[in-house]
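Undergrad: Only the shape, not the letters, is given here:
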């Protein structure tokens, strides 16, 4: 039986796009993975989490294995709320989600229908883009530069659309701090500007703050901490600072939004994993842990940048990220999708720029390297291999 | 700022309904919980899962704590597929979900829009109903009796609608085996009839099979095993046979549906928990475990039924469930929402019938008891307390 006729309109539109997750080839086992936005293996607290599970189940027995009942569910939420307060996010309520992705997905469900115009950064995080594309095909993209989203350009486009009577976006999706994929951070002036523009042009801001705590120099103030009108919906996660496989994230927003999100989330909660994370956090000095993460990733960034300076040709350029996981590289005249095969042949992977743009063509000269997962030796080796691939392909 | 204006149409419709999860009062600590559809605490394998986590993290270290990488993700899917094949579900593909609830939610997302008519059993599982109500307000409900969904009635209604040119349902949601809340099981004739009707009137069937393996006498053949046209979408879970807090479920359906569901699921996967469940299953004799579960729940059912016969007034009647967790009781002339307060005062909880009906009024004389969670002594005590509450309220 052909099923397509049974799908609802939304899904039919969504299925027109590229299938999710099919854009990277399977990597050979011995490939140096500069493509993977994973935390460093040695920083994933496997032992700490093992101890947390043992303690949790000894103390609570079957309690955290039911639908509800563990006192640690509330403690996890309290912990997240407290961390956010320390970072200046004092007003909003918190909904714990299965990673930042569930937060973004739930926000899309309550805010986006097939008429909604969504403003995104260009380039941006492709998973979020794919989630939004399940609900609408109306996007406008605003370029990112060294200082993050170009808010002057955003204002120009909005003013122009307003004058012409064109629809205005209902929401802007931004990763202001250590952006994925560019690694850039929005300047304080631009942050203020975004919050002003949201008020002036009446849109909401989804602030994806997955990397915000991984700063190498100074901490950026989250947009949400500058917002006094509940316009910023803050999305965060413990994926980058504890372990992505635990899938613990949150949305921090005003009470009306949190109520609506909880509605759609229903009992899609994850009692055991939430209680485990709470037990882990009880016995973990997160201030110390965050220091270690920042130090390690800063060193890895330095290794990567220093090797890029040695191994890259003249026509390659990059931003130096001040936190997070990524370096974004422009190779003038290159086609990085073609380059990927040459790089894999050398034994190194990266993500071609096209996957971060609504219009894939715009990403042709770009590629994303991650310094988070590979070891320092692998980073040196991998960047050299990338240099070799570039030399072979483009002479 | 008032947020309501920013919500998409779907959510505005959904928010008209009762808030989810707010329909039960908070239960006092010493209350006997005949309301809870939880597994028996002593049958939740806390030690087995603890061992599974320890073994997993010793063997795989950080691997299952990243987004992907553990070989056990695939093994979990294989295990589920194999169990389904043993039960006669040979054709479909499997998508592992975060509990049956995520499966139902994903199915609703790909199949239901605001024009979709959904057929449901009356009464039915309220969480599923709430999920569907996020997408449509068009429902038709077909009564359930001792032998499950009244398929003759379904045929009548469909034929009548067809004749009158009224819209026909795109999908039927049914719990054919040990239904929640009635505990009844659809007869083999009716199962065949449902599958025929789906073909004749061109609808899909979402078969919620959460309790299918917990039979006390004989195993029922899933609808999906009778379906040769990919019309049945089978939803199942390990919540009732391992632990609900692990949130492992699945959808078993044709490849087009599985592809579409995977699209909306994106990377909302749960690597650590899936790998842990795979590690648990590796070291567990599930045939033996299922025998133990069936034996324990059968005994508990017997204790409950025998105490009901002693403690209930003449005007109370019930079906004797042949599996699952629940006994559905009708108390002629009662208002079970009112009765709940009297029962809580006595020290026992149940779920009033109204929460299982689209039209709450229809559930006034009904209540659901669960024999799964409470101990045998508590069941006896709880049913007596319920009898006392009934006597006090209605003399």
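TA: Sure, I can see it. Note that the structure is a prediction, hence the values are computed from the model and not measured.

Undergrad: Show the residue spans covered by the strands in the stretch 251-395 of chain A.
TA: A:316-318, A:326-331, A:348-349, A:351-352, A:366-370 (DSSP state E, counting those that start in this stretch).

Undergrad: I'd like to know which of those is closest to chain B.
TA: Smallest distance to chain B across the strands of the stretch 251-395 of chain A (Cβ to the nearest Cβ): 12.5 Å, for strand A:366-370. From N, CA and C alone the C-beta is placed, and that goes for glycine too.

Undergrad: Relative to that closest one, what are the paired strands and their orientations?
TA: Applying DSSP bridges, strand A:366-370 is found paired with strand A:326-331 (antiparallel), strand A:351-352 (antiparallel).

Undergrad: Now the first one: buried residues?
TA: Taking 16 or more other Cβ atoms under 10 Å in any protein chain shown as the neighbour-count basis, strand A:326-331 is seen to contain the buried residues A:326, A:327, A:328, A:329, A:331.

Undergrad: Could you chop chain A up by domain?
TA: The record's domain parsing of chain A by automatic domain parsing lists A:25-45+A:288-394, A:46-282.

Undergrad: if we can go back for a sec, closest one to residue A:48 among the strands paired with strand A:366-370?
TA: Evaluated with Cβ to Cβ, these place strand A:326-331 nearest to residue A:48, the distance being 25.8 Å.

Undergrad: quick one, longest helix in chain A?
TA: Longest helix in chain A, counting residues (DSSP state H): helix A:286-311.

Undergrad: Just say helix, strand or coil for the nearest residue in space to residue A:209 that is not next to it in sequence.
TA: In space, residue A:209 comes closest to residue A:236 once its chain neighbours are excluded; the distance is 4.7 Å by Cβ to Cβ, 6 or more residues apart in numbering or on different chains. Counting by DSSP: H, G, I helix; E, B strand; the rest coil, the backbone at residue A:236 sits in strand.

Undergrad: Show me what residue A:236 is bridged to.
TA: residue A:250.

Undergrad: That one reaches residue A:242, doesn't it?
TA: No. Contact between residue A:236 and residue A:242 fails when scored by Cβ atoms under 8 Å: they sit 12.0 Å apart.

Undergrad: my read is residue A:172 is in a strand, agree?
TA: Yes. Residue A:172: assigned to a strand according to three-state DSSP.

Undergrad: and it, what pLDDT?
TA: If you check residue A:172, the pLDDT there is 98.

Undergrad: Please apply the same query to residue A:2.
TA: Looking at residue A:2, the pLDDT reads 74.

Undergrad: Run through chain A and note the low-pLDDT ranges.
TA: Chain A contains residues with pLDDT under 70 at A:1, A:9-10, A:16-23, A:267-268, A:395.

Undergrad: on that earlier part again, between residue A:236 and residue A:242, which has more neighbouring residues?
TA: Set residue A:236 next to residue A:242 and count neighbours by other Cβ atoms under 10 Å in any protein chain shown: residue A:236 wins out with 30 against 24.

Undergrad: nearest residue to residue A:62 other than its sequence neighbours?
TA: Closest residue to residue A:62 apart from its sequence neighbours, by Cβ to Cβ, 6+ apart: residue B:44 at 3.8 Å.

Undergrad: need the contact list for that neighbour.
TA: The neighbours of residue B:44, taking Cβ atoms under 8 Å, 6 or more residues apart in numbering or on different chains as the test, are A:62, A:65, A:66, B:242, B:243.

Undergrad: What are the buried residues along stretch A:156-168?
TA: A:157, A:158, A:161.

Undergrad: what's next to the helix or strand hosting the last one, contact-wise?
TA: Spelled out, that is residue A:161. Using DSSP states H and E, the element containing residue A:161 is helix A:151-163. Around helix A:151-163, the neighbours that count as contacts under Cβ under 8 Å, 6+ apart are A:119, A:140, A:142-143, A:167-169, A:172, A:190, A:193-194, A:197, A:201.

Undergrad: ok, which pair from these is furthest apart?
TA: Checking these with Cβ to Cβ, the most distant pair is A:167 and A:190, at 24.0 Å.

Undergrad: How far off centre is the strand ranked longest in chain A?
TA: Using DSSP state E to define each element, chain A has its longest strand at strand A:138-145. Strand A:138-145 has its C-alpha centroid displaced from the chain centroid by 16 Å (Cα atoms, centre = their mean, to the nearest Å).

Undergrad: Going along the chain from it, find the next helix or strand for me.
TA: Reading on from strand A:138-145 to the C-terminus, the next helix or strand found by DSSP H and E is strand A:148-149.

Undergrad: mind listing what the longest strand of chain A pairs with, with the direction of each?
TA: Within its sheet, strand A:138-145 is paired with strand A:117-122 (parallel), strand A:148-149 (antiparallel), according to DSSP bridges.

Undergrad: So which bits of that strand are buried?
TA: Neighbour-count burial for strand A:138-145 [16+ other Cβ under 10 Å]: A:139, A:140, A:141, A:142, A:144.

Undergrad: what's the answer for stretch A:75-93, then?
TA: For stretch A:75-93, by 16+ other Cβ under 10 Å, it's A:75, A:76, A:77, A:79, A:80, A:81, A:83, A:84, A:87, A:89, A:92, A:93.

Undergrad: likewise stretch A:67-77?
TA: Buried residues in stretch A:67-77, counting neighbours by 16+ other Cβ under 10 Å, are found at A:67, A:69, A:70, A:72, A:73, A:75, A:76, A:77.

Undergrad: Could you confirm whether any residue of it contacts chain B?
TA: Yes. Residues of stretch A:67-77 contacting chain B under Cβ under 8 Å from any Cβ of the partner chain: residue A:67.

Undergrad: Please apply the same query to stretch A:292-301.
TA: No. Using Cβ under 8 Å from any Cβ, we find that stretch A:292-301 stays clear of chain B, coming within 14.2 Å at best.

Undergrad: Identify the residues contacting that stretch?
TA: For stretch A:292-301, contacts defined as Cβ under 8 Å, 6+ apart pick out A:40, A:43, A:213-216, A:241, A:320-321, A:323-325, A:327, A:371-372, A:374, A:376, A:379.

Undergrad: A ChimeraX selection for these, restricted to the buried ones, would help me check which they are.
TA: The ChimeraX selection below is limited to those of the contacts of stretch A:292-301 classed as buried (16+ other Cβ under 10 Å):
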select /A:40,43,213,214,215,216,241,321,323,324,325,327,371,372,374,376,379
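
Undergrad: which one of the contacts of helix A:151-163 sits closest to residue A:107?
TA: residue A:172 (12.0 Å).

Undergrad: could you say which helix or strand contains residue A:85?
TA: For residue A:85, the enclosing helix or strand under DSSP H and E is helix A:72-86.

Undergrad: In helices, which of the contacts of stretch A:292-301 appear?
TA: A:376, A:379.

Undergrad: what residues are up against the closest residue to residue A:227 other than its chain neighbours?
TA: Distance criterion Cβ to Cβ, 6+ apart; nearest residue to residue A:227, sequence neighbours excluded, is residue A:195 at 5.5 Å. By Cβ under 8 Å, 6+ apart, the residues touching residue A:195 are A:205, A:223, A:226, A:227, A:231, A:232.

Undergrad: Can you say which of those are buried?
TA: For the contacts of residue A:195, buried by 16+ other Cβ under 10 Å: A:205, A:223, A:227, A:231, A:232.

Undergrad: Distance check, the closest residue in space to the fourth one that isn't next to it in sequence against residue A:281.
TA: Meaning residue A:231. Distances taken as Cβ to Cβ, 6+ apart put residue A:198 closest to residue A:231, at 4.6 Å, once the chain neighbours are dropped. Residue A:198 is 32 Å from residue A:281, where distance means Cβ to Cβ, to the nearest Å.
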